[in-house]
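Undergrad: Here's my sequence, what's the structure:
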Amino acid sequence: MKNFGLVQTIGSGVLLIYTVILWGLPVAPAYAVFDQISAQFLTTSTFANYIIYGLSAGLAFMIYILSLLFFSGMTQRIIHVRVPEDKIVDKLESWTTVRWAVCAHLHRCTHPVLVHTIPSPICNAYYRLAGAKIGKGVQINTINLNDPSTVTIGDKVVIGGRSVINGHLVEKGQIVLARVKLEAGCLIGAGSTIQPGVRIGKGAVIATNGLVGKWKDIPDGEVWAGLPVKKIKESSKRKGIED
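TA: Residues are numbered from 1 along each chain as shown. The predicted structure follows:
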C-alpha cells in the first residue's frame, strides 16, 4: 500500500473519534432507563429513593455493557478480515493490517465490560457477533480470545481464565492471519496461550499455563503441558468417568 504511514496516522485519528462514539453512544439508552425509572418510582422517602437510584444505576450499567458489546461486535463483523480454513498472508503495510488493527482495538475497548460477562451466553454472543464460530455448551472464561474471526470452537469446549488465543502473527514483513480450531470437548487450561494455526483435537487437554506454538496439531484425546507444550499423557480420560 502506498503512503501507509499517512493512512496509519489519519486512521488513528479517525479511530479515536470512533472510540468516543463507541464508548459514548451506549450511554444514551443507559441514561434513558435510569432517568425513566427515577422519574416513575421516586417516593417521599429519602432512604427508598437511594435504593431506587442504586437499582436504576445497576440496570443502566448492564444496559451500557450490552450496548457496548453489541456496537463493538457489529463493527468487527462488518470490517473483519475473512479468513478461510487455513490462513491469509499479506504485506504488513496493507489494508489487511489496517482492518485487523481496527478490530483488535475495538476488541480491547470491550475489555473493561466484557470481563463482567464471562463465562455466559452474553460473552459467547459477543464473540459470535465479532466473527467467531462457536458451538453449543462452550464455556469461555477469558477476555483474551483475540482475533475472534479466526477462531472455530466446537461443542462443549472449556477455555480457562486468563487464556490467550491469538489468530495473528507478524514475521518477515508480513501479517499472517491463521485459523485456530478447538475441536469438541477439548479443555484449555487457565493461563494457556494458543498461537495461530493451532488445532486442538477432540477431547484433548492443554494443562494450565501451557504454550501451544504456531501451527501445532494436538491429537484427539491427549494431554499436553509445558512451555512449549509436550505430550504428558496418551489419554485425557479419567478412571471412573465415562464419556
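
Undergrad: residue at max distance from the center of the chain?
TA: Most distant from the centre of the chain: residue 44, at 45.5 Å, with distances by C-alpha atoms, centre = their mean.

Undergrad: Surely that one is in a strand?
TA: No: under DSSP: H, G, I helix; E, B strand; the rest coil, residue 44 falls outside any strand and is assigned coil.

Undergrad: Give the buried residues for the stretch of helix or strand residue 73 belongs to.
TA: Element membership of residue 73 [criterion: DSSP states H and E] is helix 46-79. Across helix 46-79, burial judged by 16 or more other C-beta atoms under 10 Å covers 52, 56, 60, 62-69, 71-73, 75-76. In this view, the C-beta of every residue, glycine as well, is placed from N, C-alpha and C.

Undergrad: what's that helix packed up against?
TA: Judged by 3 or more C-beta pairs under 8 Å, 6 or more residues apart in numbering; DSSP states H and E, helix 46-79 is in contact with helix 4-24, helix 27-41, helix 95-114, helix 121-129.

Undergrad: any idea which helix or strand comes after that helix?
TA: Of the helices and strands lying after helix 46-79 in sequence (DSSP H and E), the nearest is strand 87-91.

Undergrad: For the residue positioned nearest the centre of the chain, give me its contacts.
TA: The chain has residue 145 as the residue nearest its centroid, 3.8 Å off, counting by C-alpha atoms, centre = their mean. Neighbour list for residue 145: 127, 132, 151, 159, 163, 165 [criterion: C-beta atoms under 8 Å, 6 or more residues apart in numbering].

Undergrad: got it, and residue 192?
TA: 160, 163-164, 206-212.

Undergrad: Most neighbours out of those, which is it?
TA: residue 206 (28 neighbours; other C-beta atoms under 10 Å).

Undergrad: I'd like the distance between it and residue 153.
TA: Using C-beta to C-beta, to the nearest Å, we find residue 206 at a distance of 14 Å from residue 153.

Undergrad: then stretch 143-150 to CSV, C-alphas only?
TA: Taking Å, rounded to 0.1, in the frame of the first residue of the first chain, the C-alpha atoms of stretch 143-150 are listed here in CSV:
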residue,chain,number,x,y,z
ILE,A,143,-11.4,-11.7,27.5
ASN,A,144,-8.3,-12.5,25.5
LEU,A,145,-9.9,-14.6,22.7
ASN,A,146,-8.1,-12.3,20.3
ASP,A,147,-8.9,-12.1,16.6
PRO,A,148,-12.4,-13.8,17.0
SER,A,149,-12.9,-14.1,13.3
THR,A,150,-10.0,-16.6,13.1
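
Undergrad: With distance to residue 190 as extra columns, can I get the helices and strands packed on helix 46-79 in CSV?
TA: As requested, the helices and strands packed on helix 46-79 are exported to CSV (distance: least, C-beta to C-beta, whole Å):
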stretch, distance to residue 190
helix 4-24, 29
helix 27-41, 32
helix 95-114, 17
helix 121-129, 16
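
Undergrad: between those helices, which one is nearest to residue 202?
TA: For residue 202, the closest of the helices and strands packed on helix 46-79 is helix 121-129, at 19.7 Å, according to C-beta to C-beta.

Undergrad: tell me the angle of the closest one relative to helix 46-79?
TA: Put simply, helix 121-129 runs at 20 degrees to helix 46-79, going by axes from the mean of the first three to the mean of the last three C-alpha atoms, to 10 degrees.

Undergrad: now what about helix 121-129, what contacts it?
TA: Against helix 121-129 from outside (C-beta under 8 Å, 6+ apart): 66, 69-70, 72-74, 76-77, 110, 114, 117, 134, 138, 140, 145, 148, 151.
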